[in-house]
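# sequence plus the predicted model coming up.
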Amino acid sequence: AGPGVFMLISTLSPGVCEMVHDEKESARLGAIGYIAARIALQPGIPELSEHALFRSLEKLGLNCDQPHPELGDVRELIGTWMVKAMYLDRWRAHDGTWIYGLGSRLKIEMPPSALVKCLEHLIGASIDQSAKNDLSMRVYGTSYTE
């Protein structure tokens with residue numbers, strides 16, 4: 001966020017948040033969690049091309065060219081809504097392709113411990129301390145804390 005930009009973030013506890021989200025909001029949060037994990041797992045700089053992102057979603061069975069019952073237009077959701085809501089950053093590479101990175105709001109609402117929890121859930125295994133530290137430094141620029 002820059003000067004004159006204000007960001008509202010939830011201060012509700014996770015248990016309370018689960019009670020206030022409807023199915024569509026829960027689906028969006030799930031999509032945000034998956035995309036954050038997918039970007040964070042990139043070696044080196046945590047960024048991902050649009051093509052690679054949509055290909056990974058299609059491997060999960062999500063057809064990005066047809067409206068989804070809860071997510072609606074997936075390309076619009078990711079390329080417009082998630083970017084405007086500052087969950088994702090998006091920029092053009094030198095070759096003209098779109099690149100996605102984690103946005104400032106996502107980094108505030110999903111601290112390193114929450115991202116690790118999401119990753120552990122997705123991969124079905126615990127992540128060791130060394131990997132947690134590496135992930136936290138690459139994605140957030142800080143040491144990992146529980």
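Received, thanks. Numbers count the residues shown, from 1 in each chain.
# distance of Lys59 relative to Gly103?
To Gly103, Lys59 is 23 Å away according to Cβ to Cβ, to the nearest Å. Any C-beta I mention is one placed from the backbone N, CA and C, and that applies to glycine too.
# those two: which is more packed in?
The neighbour comparison of Lys59 against Gly103 (other Cβ atoms under 10 Å) goes to Gly103, with 22 against 8.
# average model confidence for stretch 25-45?
Model confidence over stretch 25-45, given as mean pLDDT, is 90.
# which other residues reach it?
Residues from elsewhere that reach stretch 25-45 (Cβ atoms under 8 Å, 6 or more residues apart in numbering): 21, 46-48, 53, 56-57, 60, 68, 70-71, 74, 77-78, 82, 87-88, 100-102, 106, 110, 115, 118-119, 122, 135, 138-139.
# how about that stretch: buried residues?
Buried residues in stretch 25-45, counted by 16 or more other Cβ atoms under 10 Å: 27-29, 31-40.
# wait, what's in contact with the residue nearest to Gln129 when sequence neighbours are not counted?
Leaving aside its sequence neighbours, Gln129 sits nearest to Tyr144 (Cβ to Cβ, 6 or more residues apart in numbering; 7.5 Å). By Cβ under 8 Å, 6+ apart, Tyr144 lies in contact with 112-113, 116, 129, 132-133, 135-137.
# give me the element the residue nearest the centre of the chain is part of.
Nearest to the geometric centre of the chain sits Ala36, at 2.5 Å (Cα atoms, centre = their mean). Per DSSP states H and E, Ala36 falls inside helix 23-40.
# check Arg138 too.
Applying DSSP H and E, one finds Arg138 within helix 129-140.
# which strands and helices lie in contact with that helix?
With contacts defined as 3 or more Cβ pairs under 8 Å, 6 or more residues apart in numbering; DSSP states H and E, helix 129-140 has these neighbours: helix 23-40, helix 112-123.
# which among these is found nearest to Ala93?
Nearest to Ala93, of all the helices and strands packed on helix 129-140, is helix 23-40, at 14.7 Å by Cβ to Cβ.
# many thanks, we can stop here.
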